[in-house]
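Undergrad: Turn this into a structure:
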Amino acid sequence: MSSLKSLLDSKTLTKNRWVKFILSFLIAYEILVVYLFVLSSVLGLGEVYSLYALNIFVFREVMDPTMLSSMVALSVPIMITAVGATFNERAGVINIGLEGIMIWSAWFSVYVSYLTGNVWLATLGGIFAGAVLGLLHAVLTITFKAEQVVTGVAVNLLALGVTEVLNRAIWEPARSDPVTSFSPVDITQIPLIGPIYDFFILSNYYNVPGIGGVLRLVPDVFGMLNNHNPLTYIAIALVPACHIFLFKTKYGLRIRVIGEHPQAAATAGINVRLYQYFAVILSGALGGLGGTILSIGTSNKFISGMTGGKGFLALAAMIFGKWTIIGAALASFLFGFFFAFGINLSAGGIKGFVVPIEFYQMIPFIVTILALAGVIGKARAPKSIGIPYSEDEE
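TA: Alright, predicted model coming up:
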């Protein structure tokens, strides 16, 4: 086991991850403020705000409990899909078909709910649908050694096309009929733990003289984690479980070694293809859960294009998270924050601004581009990623 550990680059286990994440968030935050400043002053799309005034405005929006709750709802589908992507990339297989996996699973879970009226069967259906696309990608890239990026594009196109055809055949061209979906869980109403949880929700004390104004300056963590669908809590609970599996067990170590040195792993007696298949199918299943959360978790219908690029953002979050589970989760919340912020601005806007909502909707993708360009941080991929494994090279 120690010989296998020596094959891994210790730099992949980033130190001071929380500090780096906070610094990354602050950099992205200031980039957002400068972006709004450019819109107001340079482009002349509204009243001219100083950088200080925009910082105050953005900070108030950031601390708004409704926006923070929206951030969680928007982040979790990206997060669980990014966690899945970490597995296949750590095993040396690229999968850019995450968008297709999410949209296909979103449709399939709605269809199962439409047929059965059972949300848990629909959830299993969505996860299964994602795993099937993962299996398809695995067969093409691992067994037949197809070009992995091209195969991922094909999965995306296949899923987008099939869901459109099936939607038109069963429901309407753009959306499905409403189906049975999950209801939000109010943790404060759960016996025993509910009153304790409610005590720590800061928004309950906003109107208390003296401390209310101070508490508004602190993120309401307990408040923003309340009133979400059960799949959201399941996905959040899977993050530490996946981290432990990938970084604290011998099976996770084997997956990581395969992504770095597959020939050395095979020499050590590891079945490289079996572990790669497992990683890619697991990635598809977790992406399927992400798509299911979008459809019957936070909504009650399938809408064409409802993933809105979240599969690609999951891939970016995984890279930004430096191919680690915790890093991918934190990056997903970063992107989810800017998604929620863009939606809030689209709805309410900034006083005096005359800006098309598309400028606000661009915000999360601008942050993503900067992250991938290395402005926010640089990352190193597994050494053998994208290279098909061949026994002849052992």
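
Undergrad: Restrict the strand or helix carrying Glu30 to CA atoms and write it as PDB.
TA: Following DSSP states H and E, the helix or strand that holds Glu30 is helix 17-37. What follows is the C-alpha trace of helix 17-37 in PDB, where atoms were taken according to Å, rounded to 0.1, in the frame of the first residue of the first chain:
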ATOM      1  CA  ARG A  17      -7.900  24.700   1.200                       C
ATOM      2  CA  TRP A  18     -10.300  26.800   3.200                       C
ATOM      3  CA  VAL A  19      -8.000  29.800   3.100                       C
ATOM      4  CA  LYS A  20      -7.500  29.500  -0.600                       C
ATOM      5  CA  PHE A  21     -11.300  29.100  -1.100                       C
ATOM      6  CA  ILE A  22     -12.000  32.300   0.900                       C
ATOM      7  CA  LEU A  23      -9.400  34.200  -1.100                       C
ATOM      8  CA  SER A  24     -10.800  32.900  -4.300                       C
ATOM      9  CA  PHE A  25     -14.300  34.000  -3.300                       C
ATOM     10  CA  LEU A  26     -13.100  37.500  -2.400                       C
ATOM     11  CA  ILE A  27     -11.300  37.800  -5.700                       C
ATOM     12  CA  ALA A  28     -14.400  36.600  -7.600                       C
ATOM     13  CA  TYR A  29     -16.500  39.000  -5.500                       C
ATOM     14  CA  GLU A  30     -14.400  42.000  -6.400                       C
ATOM     15  CA  ILE A  31     -14.400  40.900 -10.100                       C
ATOM     16  CA  LEU A  32     -18.200  41.000  -9.900                       C
ATOM     17  CA  VAL A  33     -18.100  44.500  -8.400                       C
ATOM     18  CA  VAL A  34     -15.700  45.700 -11.100                       C
ATOM     19  CA  TYR A  35     -18.000  44.100 -13.700                       C
ATOM     20  CA  LEU A  36     -21.000  46.100 -12.400                       C
ATOM     21  CA  PHE A  37     -18.800  49.200 -12.200                       C
END
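
Undergrad: Same question for that helix: list its buried residues.
TA: The neighbour-count criterion (16 or more other CB atoms under 10 Å) identifies 20-21, 24-25, 27-29, 31-33, 35-37 as the buried residues of helix 17-37. The way it works is simple: take the backbone N, C-alpha and C, and place the C-beta from them, glycine included.

Undergrad: Between the two ends of stretch 183-199, how far is it?
TA: Using CA to CA, to the nearest Å, the gap from the first to the last residue of stretch 183-199 comes to 23 Å.

Undergrad: List the neighbours of it that are in contact with it.
TA: Counting by CB atoms under 8 Å, 6 or more residues apart in numbering, stretch 183-199 makes contact with 201, 204, 222, 225-230, 233, all of which sit outside it.

Undergrad: Looking at the residues you listed, which one is closest to Arg175?
TA: Closest approach between the contacts of stretch 183-199 and Arg175, by CB to CB: Asn229, at 19.5 Å.

Undergrad: What distance do you get for the closest one to Leu98?
TA: With the distance defined as CB to CB, to the nearest Å, Asn229 ends up 21 Å from Leu98.

Undergrad: which one of the buried residues of helix 17-37 is nearest Ile303?
TA: The nearest member of these to Ile303, counting by CB to CB, is Leu32 at 27.4 Å.

Undergrad: any idea which helix or strand carries the residue nearest the centre of the chain?
TA: Nearest to the mean C-alpha position of the chain, counting by CA atoms, centre = their mean, stands Ile78 at 1.6 Å. Counting by DSSP H and E, the element that carries Ile78 is helix 65-90.

Undergrad: downstream neighbour of that helix in the secondary structure list?
TA: helix 98-116.

Undergrad: Go through that next one and flag the buried ones.
TA: By 16+ other CB under 10 Å, the buried positions in helix 98-116 come out as 98-114.

Undergrad: between the next helix-or-strand element following it and helix 98-116, how big is the angle?
TA: Scanning forward in sequence from helix 98-116 by DSSP H and E, the next helix or strand is helix 119-138. Using axes from the mean of the first three to the mean of the last three CA atoms, to 10 degrees, the inter-axis angle of helix 119-138 relative to helix 98-116 is 140 degrees.

Undergrad: Return the distance of helix 119-138 from the chain's centre.
TA: Centroid separation for helix 119-138 versus its chain: 17 Å, with CA atoms, centre = their mean, to the nearest Å.

Undergrad: So which bits of the helix or strand following that helix are buried?
TA: The element immediately downstream of helix 119-138 (helix or strand, assigned by DSSP H and E) is helix 148-170. Using 16+ other CB under 10 Å as the burial criterion, the residues of helix 148-170 that qualify are 148, 151-152, 154-156, 159-160, 163-164, 166-167.

Undergrad: need those residues in TSV with pLDDT and distance to Gly290, can you?
TA: Compiled in TSV, the buried residues of helix 148-170 are given as follows (pLDDT from 0 to 100; distance: CB to CB, whole Å):
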residue	pLDDT	distance to Gly290
Gln148	96	20
Thr151	96	20
Gly152	96	16
Ala154	96	20
Val155	96	15
Asn156	96	15
Ala159	96	13
Leu160	93	16
Thr163	93	15
Glu164	91	20
Leu166	92	20
Asn167	90	19
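
Undergrad: for those residues, which one is nearest Gly259?
TA: Within the set of those, Gln148 lies nearest Gly259; the separation is 12.9 Å, counting by CB to CB.

Undergrad: What is the neighbour count of the residue nearest to that closest one when sequence neighbours are not counted?
TA: Using CB to CB, 6 or more residues apart in numbering and skipping the chain neighbours, the partner closest in space to Gln148 is Ile94 (4.2 Å). When neighbours are defined as other CB atoms under 10 Å, Ile94 has 21 of them.
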